[in-house]
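Engineer: below: sequence and its predicted model.
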Amino acid sequence: MKIATAAYPLDVLSSWAQYEDKIAAWISVAAKEGADLAVFPEYGAMELATLAGMDVAADLEASLFAVSDRLADADTLHLRLAAEHNMHIVAASGPTATQTRPVNRARLITPGGQVGVQDKQIMTRFERDVWGVIGGNKLQVFDTAIGRIGILICYDSEFPLLGRALMKCDIIAVPSVTEALAGYWRVRTGSMARALENQCVTVMSSIVGPADWSEALGNPIGAGGVFCPPDTGFPDTGVLAAGQICAPGWTYAEVDLNAIAQVRADGVVLNRAHWPEQAGRDTPALNVALR
């Protein structure tokens with residue numbers, strides 16, 4: 001299959017039609033390149049807050065609910081485009097209202113009209129201390145026509161046990177937004193580590209370019225990337241494709257599910273199978289005096 005992952009700039013939108021045209025154009029470009037899966041970034045849906053006016057978009061609390069109010073319509077749009085182009089789409093995540101506080105929610109949308117929902121698990125300091133976004137539903141494994149897909153939203157990719165919960169997945173999407181180059185590399189390093197441990201493919205997407213109308217986003221730095229185990233059937237670098245930093249557009253990679261199955265069965269190393277051997281070895285190490 002072919003995967004497209006986005007380095008996606010946010011716009012100040014003047015109308016819903018402008019948003020429809022933007023998403024349709026992005027999906028059309030990926031479709032013309034033969035993409036079977038397209039991955040948009042974390043909080044890419046925040047541009048929808050600008051439809052409520054710039055005062056709302058700039059207000060941390062109001063922006064959460066302005067976006068949440070628009071996500072059902074965004075999903076309808078993505079469902080239509082997924083069917084039209086026979087493409088699976090990880091729609092850009094956005095805040096979604098719950099009975100308590102909003103969660104950060106991504107949706108996997110299939111050409112057959114199915115929608116899988118995945119919420120971020122562990123909040124960054126800004127999300128939890130300033131914005132009041134909370135963790136949501138448990139991690140999901142989605143069985144699709146193009147393989148088993150999971151989603152680790154940005155910071156979640158930095159936690160090995162969350163990655164291990166998705167060990168059945170062939171592909172783990174990592175929608176992200178990072179305001180500093182160090183943040184990009186943290187998420188990229190986490191994505192590469194999860195690909196190594198699970199012997200799978202991880203797909204990192206990013207927001208790029210200024211969004212200084214939002215206190216939550218600022219001036220994101222990032223790039224698209226597709227990562228793999230540096231083992232039999234894959235590049236020695238563990239990188240199938242990596243986009244240029246802060247260059248908007250799609251990054252593409254060809255992925256063979258048979259290669260994933262093969263490396264899991266007979267790789268040079270068997271990280272995924274040997275993971276349980278850590279049991280009992282994760283207690284604190286002993287302090288031993290040198291002789």
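Structural biologist: Thanks, I have the structure now.
Engineer: go through the chain and flag its longest strand.
Structural biologist: Ordering each strand of the chain by length in residues (DSSP state E) puts strand 88-96 first.
Engineer: can you map out the helices along this protein?
Structural biologist: 16-32, 54-58, 60-68, 71-85, 125, 160-165, 181-198, 257-266, 271-274 (DSSP state H).
Engineer: JSON lines for these, including mean neighbour count, mean pLDDT and distance to F40?
Structural biologist: Every residue, glycine included, has its C-beta placed from N, CA and C. Shown next, in JSON lines, are those (neighbours: other Cβ atoms under 10 Å; pLDDT from 0 to 100; distance: least, Cβ to Cβ, whole Å):
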{"stretch": "helix 16-32", "mean neighbour count": "16", "mean pLDDT": "98", "distance to F40": "8"}
{"stretch": "helix 54-58", "mean neighbour count": "16", "mean pLDDT": "97", "distance to F40": "19"}
{"stretch": "helix 60-68", "mean neighbour count": "19", "mean pLDDT": "98", "distance to F40": "14"}
{"stretch": "helix 71-85", "mean neighbour count": "17", "mean pLDDT": "98", "distance to F40": "9"}
{"stretch": "helix 125", "mean neighbour count": "9", "mean pLDDT": "97", "distance to F40": "24"}
{"stretch": "helix 160-165", "mean neighbour count": "17", "mean pLDDT": "98", "distance to F40": "20"}
{"stretch": "helix 181-198", "mean neighbour count": "20", "mean pLDDT": "98", "distance to F40": "15"}
{"stretch": "helix 257-266", "mean neighbour count": "16", "mean pLDDT": "98", "distance to F40": "22"}
{"stretch": "helix 271-274", "mean neighbour count": "14", "mean pLDDT": "97", "distance to F40": "28"}
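Engineer: just send these back as TSV, with distance to A173 too.
Structural biologist: What follows is these, written out as TSV (distance: least, Cβ to Cβ, whole Å):
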stretch	distance to A173
helix 16-32	14
helix 54-58	26
helix 60-68	20
helix 71-85	14
helix 125	23
helix 160-165	12
helix 181-198	10
helix 257-266	15
helix 271-274	18
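Engineer: re the thing from before, for the record, mean pLDDT for the longest strand of the chain?
Structural biologist: The average pLDDT within strand 88-96 is 98.
Engineer: pairing partners for it, with directions?
Structural biologist: strand 37-39 (parallel), strand 103-109 (antiparallel) (DSSP bridges).
Engineer: circling back: which of the helices of the chain sits closest to G243?
Structural biologist: Closest of the helices of the chain to G243 is helix 181-198, at 10.9 Å (criterion: Cβ to Cβ).
Engineer: okay, angle between the closest one and helix 257-266 too, please.
Structural biologist: Orientation check (axes from the mean of the first three to the mean of the last three Cα atoms, to 10 degrees): helix 181-198 against helix 257-266 gives 70 degrees.
Engineer: hang on, the earlier thing: tell me what angle the longest strand of the chain forms with helix 16-32.
Structural biologist: Going by the same axes, to 10 degrees, strand 88-96 makes 150 degrees with helix 16-32.
Engineer: between helix 60-68 and strand 88-96, find me the angle.
Structural biologist: Using the same axes, to 10 degrees: strand 88-96 against helix 60-68 is 140 degrees.
Engineer: ok so, going back, E254 is nearest to which of the strands paired with strand 88-96?
Structural biologist: Closest among those, using Cβ to Cβ: strand 37-39, at 11.5 Å.
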